[in-house]
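Asker: Structure for this input, please:
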Amino acid sequence: MPAEIRPLAPGLYLVATPIGNARDVTLRALDILALADVIAAEDTRTTRKLMDIHGIRLSDRPLIAYHDHNGPSVRPRLLEMIREGRSVAYASDAGTPLVADPGFVLTRETVAAGLPVTGAPGPSAALAALSLSGLPSDRFLFAGFLPSAAGPRRAALTELQDVPATLVLFESPKRCSRTLREMSDILGEERQAALCRELTKKFEEVRRGSLAELAAGVSDDPPRGEVVLVVDRNRAAASAEDMEAALKEALQTMRVKDAANSVAEAFGLPKREVYQAALRLGEM
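Answerer: Residues are numbered from 1 along each chain as shown. Next up, the predicted model:
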């Protein structure tokens, strides 16, 4: 017998929605959309369609558009509804709210007002791409969208050049060719990367290779649809201190050989070299 579904307590509920396949929505997200007193959505048409697919009736509940253009006027209204004791669900257009999404200011002001905020996690294009890329996921940086202007964009890439983590970025398919060429130039043409497009959709595709190879491939066959770029860290920038710190952490839970293999793979270093360093640390 299914558990009884209780009414939602007053507060803001951040609801992650599918990035493509409508069946990727979580059961909890559907419960919140069914029970919330008010639904705010980045795109009301998308949210209404998702609810229709899963048989959730809006009835006489408000469905309010909340996006970058109307945020200043709509936020006070939503906050007042929560103060009055109502539950407000905020649904992103696709993916997890606050990840390249207008929900940040709404959440910040709700927290500042001392009102409850609850997250209902779910689909995320950034994490889906990281999983499919085949690149290290032990440490990663989500860099969002690069600036569209040439100067700031190149400055941003220069800043990311030696970040000791896998990079995850969103990009327009129309700008992919230019971005990959500049990445190859600034980050290094041999750096490994993946171009992930239309994730969870019918024409999902993942292209893997060096930045130079991906740039050439995009020039010959431009991508279509939603694109996520995943770029390996700069292996040459990994210092001896970074490796030693990673080894010390790994040795707390792993055998010497396993710790050495894990760190060598993460840093792209010879296993023998890292194994010898692990042995020295183990003797200290």
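Asker: CA only for contacts and neighbour counts going forward, please
Answerer: Noted.
Asker: How is residue 201 assigned, secondary-structure-wise?
Answerer: With DSSP: H, G, I helix; E, B strand; the rest coil as the basis, residue 201 sits in coil.
Asker: which residues of the protein fall in helices?
Answerer: Ranges of helices within the chain are 27-35, 44-53, 71-83, 103-112, 125-133, 150-160, 176-187, 211-220, 240-251, 256-267, 271-283, based on DSSP state H.
Asker: Any chance of JSON lines for these, columns mean neighbour count, mean pLDDT and distance to residue 89?
Answerer: As requested, the helices of the chain are exported to JSON lines (neighbours: other CA atoms under 10 Å; pLDDT from 0 to 100; distance: least, CA to CA, whole Å):
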{"stretch": "helix 27-35", "mean neighbour count": "19", "mean pLDDT": "97", "distance to residue 89": "7"}
{"stretch": "helix 44-53", "mean neighbour count": "16", "mean pLDDT": "97", "distance to residue 89": "11"}
{"stretch": "helix 71-83", "mean neighbour count": "16", "mean pLDDT": "97", "distance to residue 89": "10"}
{"stretch": "helix 103-112", "mean neighbour count": "16", "mean pLDDT": "96", "distance to residue 89": "11"}
{"stretch": "helix 125-133", "mean neighbour count": "20", "mean pLDDT": "97", "distance to residue 89": "21"}
{"stretch": "helix 150-160", "mean neighbour count": "15", "mean pLDDT": "95", "distance to residue 89": "34"}
{"stretch": "helix 176-187", "mean neighbour count": "20", "mean pLDDT": "96", "distance to residue 89": "34"}
{"stretch": "helix 211-220", "mean neighbour count": "19", "mean pLDDT": "95", "distance to residue 89": "39"}
{"stretch": "helix 240-251", "mean neighbour count": "15", "mean pLDDT": "84", "distance to residue 89": "40"}
{"stretch": "helix 256-267", "mean neighbour count": "20", "mean pLDDT": "85", "distance to residue 89": "39"}
{"stretch": "helix 271-283", "mean neighbour count": "15", "mean pLDDT": "84", "distance to residue 89": "49"}
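Asker: List just the one of the ones you listed that sits closest to residue 166.
Answerer: Proximity to residue 166 (CA to CA) singles out helix 125-133 among the helices of the chain, at 8.6 Å.
Asker: which residues sit in contact with residue 21?
Answerer: 200, 201 (CA atoms under 8 Å, 6 or more residues apart in numbering).
Asker: er, residue 89 actually
Answerer: 12, 13, 14, 15, 32, 33, 36, 37, 38, 39, 40.
Asker: what do you get for residue 28?
Answerer: Under the criterion of CA under 8 Å, 6+ apart, the contact partners of residue 28 comprise residue 120.
Asker: Sort out which one of the contacts of residue 89 lies nearest residue 197 for me.
Answerer: Nearest to residue 197, judged by CA to CA, of the contacts of residue 89 is residue 15 at 22.9 Å.
Asker: Of all the helices of the chain, which one comes closest to residue 205?
Answerer: Closest to residue 205 of these, according to CA to CA: helix 125-133, at 9.9 Å.
Asker: Contacts for that closest one next, please.
Answerer: 19, 95, 137, 142, 168-170, 193-196, 199, 206, 208, 228-230.
Asker: at 7 Å instead, please
Answerer: Contact with helix 125-133 is made by 19, 95, 137, 168, 194, 196, 228, 230, as judged by CA atoms under 7 Å, 6 or more residues apart in numbering.
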